[in-house]
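Student: any chance you can model this:
(one chain, ligands or ions: 1)
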Amino acid sequence: MSEQGKPVQGKLKVVINKPACCGYGVCAEICPEVYKLDGNGIVYVDDELVPEGLEDLAREGADACPQAALKLVPA
Ligand code: SF4
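Tutor: Residues are numbered from 1 along each chain as shown. As a prediction, this is how the structure comes out:
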């Protein structure tokens, strides 16, 4: 019997590809609790671990990035 690839209900970690970020700010608009913008409009996070309950919004923000600069991986 093999384990099917079910989404794990675990913590998510934000991985940022900074050079790809163009500062559109879409991510921060959708999920400001997770995605912040620095003085140059480039994304950063205070904590790369997504707080519980914000997973869906964090994913939405990452998916909405026109540059695909944000990735969420299991922590
Ligand atoms: S949506 Fe993408 S390009 Fe825009 S600020 Fe966020 S990470 Fe950067």
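Student: switch to C-alpha atoms for all contacts and neighbour counts from now on
Tutor: Noted.
Student: mind listing the strands for the chain?
Tutor: In the chain, the strands defined using DSSP state E lie at 12-16, 36-37, 43-44, 70-74.
Student: what's the most buried one of these?
Tutor: Stretch with highest mean neighbour count among these: strand 43-44 (a mean of 22; mean count of other Cα atoms under 10 Å).
Student: can I get the strands of the chain in a markdown table including distance to V50 and mean pLDDT?
Tutor: As requested, the strands of the chain are exported to a markdown table (distance: least, Cα to Cα, whole Å; pLDDT from 0 to 100):
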| stretch | distance to V50 | mean pLDDT |
| --- | --- | --- |
| strand 12-16 | 5 | 98 |
| strand 36-37 | 13 | 98 |
| strand 43-44 | 13 | 98 |
| strand 70-74 | 9 | 97 |
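Student: need these in CSV (columns: distance to L54).
Tutor: Formatted as CSV, these follow (distance: least, Cα to Cα, whole Å):
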stretch, distance to L54
strand 12-16, 10
strand 36-37, 14
strand 43-44, 16
strand 70-74, 12
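Student: among those strands, which comes closest to E52?
Tutor: When these are compared by Cα to Cα, strand 12-16 sits nearest E52, at 8.9 Å.
Student: what's the angle from that closest one to strand 70-74?
Tutor: Orientation check (axes from the mean of the first three to the mean of the last three Cα atoms, to 10 degrees): strand 12-16 against strand 70-74 gives 150 degrees.
Student: alpha carbons only: can I get strand 12-16 in CSV?
Tutor: What follows is strand 12-16, C-alpha atoms only, in CSV (Å, rounded to 0.1, in the frame of the first residue of the first chain):
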residue,chain,number,x,y,z
LEU,A,12,4.4,26.3,5.3
LYS,A,13,7.5,28.3,4.7
VAL,A,14,7.9,31.2,2.3
VAL,A,15,10.7,31.1,-0.1
ILE,A,16,11.4,34.4,-1.9
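Student: which bits of the chain sit near the ligand?
Tutor: Applying Cα under 6 Å from any ligand atom, we find that the chain lies next to the ligand at 21-27, 42-43, 65-67, 69-70.
Student: scan those residues and report the most crowded one.
Tutor: C27 (26 neighbours; other Cα atoms under 10 Å).
Student: residues contacting the lengthiest helix in the chain, please?
Tutor: Looking only at the chain and at elements set by DSSP state H, the helix with the highest residue count is helix 55-64. Here helix 55-64 makes contact (Cα atoms under 8 Å, 6 or more residues apart in numbering) with 12, 26-31, 34, 50, 68-72.
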